[in-house]
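*Asks:* any chance you could fold what I've pasted below:
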Amino acid sequence: RVLNSSSQLSSLPLQILFYVNGIYYIFYFLATLAMIVYKSQVFSYPDDFLAPDLAVLFLMAMLEVPRLYLGCKGNLREEEAALGLSLGLTVGSVVLSVYLLAWQTYVLWADVVLTAVLLGAYGLESGLKVMAIAAFVS
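*Replies:* So this is what the prediction gives:
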């Protein structure tokens, strides 16, 4: 009897986190969009600053789709290149999140809480990606 010596290197916790982050990001996007609309109605939101805040949010959404797709694909197929690209896109998402947290025109406590959770998830996901890439390469 011959035993199969191949082993599965893809990470189940990482795959679960991709799924959870995908759902959370939809909530984050909708809540942040609603808060920007709210702030533009309640506060004197300068028109010159409304467009960049919205542009950052929509750019984040456009980054999120390939970030999650490449991450899931890279993890399941044990492809370090796809997982590495996803990690690079995560860095971009973190920069945009920090913009919304620190440099947005008006920052409410809800912005802080939602973005802190998102940044925590990005951090955890990035750590698991690095561990998965290391496992795939070795």
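
*Asks:* ranges for the helices of this protein?
*Replies:* 12-42, 47-76, 80-98, 109-137 (DSSP state H).

*Asks:* could you give the mean pLDDT of the shortest one?
*Replies:* What it means is helix 80-98. Averaged across helix 80-98, pLDDT comes to 97.

*Asks:* report the distance from it to the chain centre.
*Replies:* Its chain's C-alpha centre and that of helix 80-98 lie 8 Å apart, by Cα atoms, centre = their mean, to the nearest Å.

*Asks:* ok, residues contacting that helix?
*Replies:* Helix 80-98 has contacts (Cβ atoms under 8 Å, 6 or more residues apart in numbering) with 56, 59-60, 63-64, 66-68, 70-71, 73-75, 115, 118-119, 122, 125-126, 129-130, 132-133, 136-137. No exception for glycine: its C-beta is placed from N, CA and C like everyone else's.

*Asks:* picking that back up, mean neighbour count added to the helices of the chain, as JSON lines?
*Replies:* Shown next, in JSON lines, are those (neighbours: other Cβ atoms under 10 Å):
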{"stretch": "helix 12-42", "mean neighbour count": "15"}
{"stretch": "helix 47-76", "mean neighbour count": "16"}
{"stretch": "helix 80-98", "mean neighbour count": "17"}
{"stretch": "helix 109-137", "mean neighbour count": "15"}
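
*Asks:* where does pLDDT dip in the protein?
*Replies:* In the predicted model, the chain carries pLDDT under 70 at residues 1-6.

*Asks:* what do you get if the cut-off is 50, keeping everything else the same?
*Replies:* 1-5 (pLDDT under 50).

*Asks:* quick one: distance of stretch 47-59 to the chain centre.
*Replies:* Relative to its parent chain, stretch 47-59 has a centroid offset of 18 Å by Cα atoms, centre = their mean.
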